[in-house]
Structures are given as C-alpha cells and as structure tokens.
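A.B. asks: structure, please.
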Amino acid sequence: MDHVFTDLEGLRIAMEMEKRGESFYRRAAKLSRDADTVALLNRLADEERCHYARFESLYCAECETRQAECEEAYDPEVSAYLSAIAADIIFPGGLMSLRHEGFENPGAVFRAAVSSEKDSILFYNELARCARDTHARDIFMEIARQEREHMMRLRRQLEAFEDHVE
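C.D. replies: Residues are numbered from 1 along each chain as shown. So this is what the prediction gives:
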C-alpha cells in the first residue's frame with residue numbers, strides 16, 4: 001500500500017467496497033435479460049448490503065471510542081479519496097469486466113464475484129498487518145475471515161453451476 005491508512009479509514013474503505021459491490025451487482029442485474037442471472041445478481045447485491053451493515057456497525061463502535069478520528073474521516077475530501085481507493089480494489093473494470101462474457105452468464109458473474117472477494121481478502125489482510133493496535137488488527141482479520149467464507153461459498157456455487165452446465 002502506498003498510503004498508510006488509519007484504522008478508521010480502513011473500515012471506511014471496507015464499507016465503500018461493499019457499497020461498490022452492491023452497486024455493481026444491481027447495475028448488472030438491470031442489464032441482464034436472463035431471469036436466473038438477474039436473481040443471482042440481486043442476491044449477491046443483497047449479500048453486499050448485509051456486509052456493509054456489519055462493517056458499518058464495526059465502524060460506529062470504533063467511532064464511539066475514537067471521536068476525533070471519526071469526525072475527520074467524514075470529511076468530504078477524505079470520503080472521495082476512500083471511495084476512489086475502493087474503486088481500485090474491487091471490480092476495477094466496472095461493468096465492462098462482465099460485458100465480454102455477457103450479463104446473462106452466471107458463470108461469469110460467479111467468477112467476477114470470486115475475483116472481487118479475493119482482492120478484498122488481500123486488502124483486509126494487508127490492513128490487519130499494518131494496523132496500529134491489536135483491536136484493529138482483530139477487526140480486519142475478522143472481516144477477512146468473513147470475506148473468505150463468502151468467497152468459498154461463491155466458489156462452491158460456481159463449481160456446482162459448471163458441473164450442471166457440463
């Protein structure tokens with residue numbers, strides 16, 4: 001990482017990443033004409049929304065103990081910067097990454113989702129490694145663990161889909 005993030009910035013980036021994931025899946029669902037793929041994309045968006053809510057509650061709990069840092073983290077410039085970082089971490093190509101294989105292809109959706117989860121896990125592990133205190137390190141390790149579980153579930157679904165198609 002080129003920038004040393006505060007622990008709260010890391011949590012804000014985690015929230016932005018989940019928000020970006022939800023938006024990605026919702027926009028892709030609007031472009032898909034296949035009912036099963038639309039349902040899959042909306043389910044993935046709902047999962048991202050749930051992750052966002054969990055990460056937001058972690059963030060709010062941390063803000064209670066770090067009031068001054070929390071107020072700074074909501075600065076509009078900081079928010080724009082953190083959103084830009086999140087955009088570079090997951091789905092960096094945006095919807096264009098799915099355009100090649102098509103918005104009706106559940107396999108492509110699963111592969112994009114797995115790839116996104118891998119990128120986020122690497123990022124959270126790095127945040128944990130760089131965390132300034134053990135409590136923050138534990139939070140980022142827990143987030144990485146949750147994302148790993150999500151990635152494994154998506155991989156199993158991808159494998160089941162590919163087995164079904166063959």
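A.B. asks: helices of this protein, start to end?
C.D. replies: 7-31, 35-65, 67-73, 76-89, 96-99, 106-130, 134-165 (DSSP state H).
A.B. asks: let me know which of those is tucked in deepest.
C.D. replies: helix 7-31 (a mean of 21; mean count of other C-beta atoms under 10 Å). To be clear about C-beta, it is placed using only N, CA and C from the backbone, and glycine gets the same treatment.
A.B. asks: looking at the helices of the chain, which one has the lowest mean pLDDT?
C.D. replies: Among the helices of the chain, helix 67-73 has the lowest mean pLDDT, at a mean of 60.
A.B. asks: need the CA coordinates for stretch 38-56. PDB is fine.
C.D. replies: Coordinates of each C-alpha in stretch 38-56 appear next as PDB, following Å, rounded to 0.1, in the frame of the first residue of the first chain:
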ATOM      1  CA  VAL A  38     -30.900 -11.300 -12.500                       C
ATOM      2  CA  ALA A  39     -31.900 -13.300  -9.400                       C
ATOM      3  CA  LEU A  40     -28.300 -14.200  -8.800                       C
ATOM      4  CA  LEU A  41     -27.100 -10.700  -9.200                       C
ATOM      5  CA  ASN A  42     -29.700  -9.300  -6.900                       C
ATOM      6  CA  ARG A  43     -28.900 -12.000  -4.300                       C
ATOM      7  CA  LEU A  44     -25.200 -11.000  -4.500                       C
ATOM      8  CA  ALA A  45     -26.200  -7.300  -4.100                       C
ATOM      9  CA  ASP A  46     -28.200  -8.200  -1.000                       C
ATOM     10  CA  GLU A  47     -25.200 -10.100   0.500                       C
ATOM     11  CA  GLU A  48     -23.000  -7.000  -0.100                       C
ATOM     12  CA  ARG A  49     -25.600  -4.800   1.600                       C
ATOM     13  CA  CYS A  50     -25.600  -7.100   4.600                       C
ATOM     14  CA  HIS A  51     -21.800  -7.000   4.700                       C
ATOM     15  CA  TYR A  52     -22.000  -3.200   4.500                       C
ATOM     16  CA  ALA A  53     -24.300  -3.100   7.600                       C
ATOM     17  CA  ARG A  54     -21.900  -5.300   9.600                       C
ATOM     18  CA  PHE A  55     -18.900  -3.200   8.700                       C
ATOM     19  CA  GLU A  56     -20.800   0.000   9.400                       C
END
